[in-house]
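Peer 1: The following block contains a protein sequence and its predicted model.
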Amino acid sequence: MSHVSLRGSATDDCDRVGMRTDVPAAHPVCPRCDGPNACGPARSGSFDTRCWCEGVTVPRGLVAALEPRLRGLACLCARCIASHG
């Protein structure tokens with residue numbers, strides 16, 4: 001199974017499509033289930049804030065299953081990542 005790191009892949013994807021900014025987007029909702037994603041940077045408005053997803057790996061299929069317009073927009077929540085098996 002192929003995995004991606006949330007922290008690295010989101011940043012790389014945003015850089016590649018020109019979405020990356022110095023301030024994180026205020027998207028506190030999981031793009032898969034619309035539940036809270038507990039993203040620290042989204043809550044604080046600063047990438048200096050640590051996020052629970054640092055170091056977490058996500059199956060590539062989970063990200064690929066998102067609508068393209070939702071990829072790289074916000075963190076997935078821990079529940080969606082854990083339930084994707």
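Peer 2: Yes, it's here.
Peer 1: how about stretch 57-71: buried residues?
Peer 2: Within stretch 57-71, the residues that count as buried by 16 or more other C-beta atoms under 10 Å are Thr57, Val58, Leu62, Val63, Arg71. In short, each C-beta sits where N, CA and C put it, glycine included.
Peer 1: In helices, which of those residues appear?
Peer 2: Among the buried residues of stretch 57-71, DSSP state H puts Leu62, Val63 in helices.
Peer 1: Closest to Cys51 out of the buried residues of stretch 57-71?
Peer 2: Val58 (13.0 Å; C-beta to C-beta).
Peer 1: Just the pLDDT for that closest one.
Peer 2: Model confidence at Val58, expressed as pLDDT, equals 87.
Peer 1: follow-up on the earlier one: which of the buried residues of stretch 57-71 lies closest to Val29?
Peer 2: Nearest to Val29 among the buried residues of stretch 57-71, counting by C-beta to C-beta, is Arg71 at 14.5 Å.
Peer 1: Could you list the low-confidence segments of this structure?
Peer 2: Across the chain, the ranges flagged by pLDDT under 70 are 1-21, 85.
Peer 1: Now do the helices in the chain.
Peer 2: Under DSSP H, the chain gives helices at 6-17, 40-44, 60-64, 78-83.
Peer 1: if we can go back for a sec, now tabulate the buried residues of stretch 57-71 in JSON lines and tack on distance to Gly35.
Peer 2: Below are these laid out as JSON lines (distance: C-beta to C-beta, whole Å):
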{"residue": "Thr57", "distance to Gly35": "20"}
{"residue": "Val58", "distance to Gly35": "16"}
{"residue": "Leu62", "distance to Gly35": "15"}
{"residue": "Val63", "distance to Gly35": "17"}
{"residue": "Arg71", "distance to Gly35": "18"}
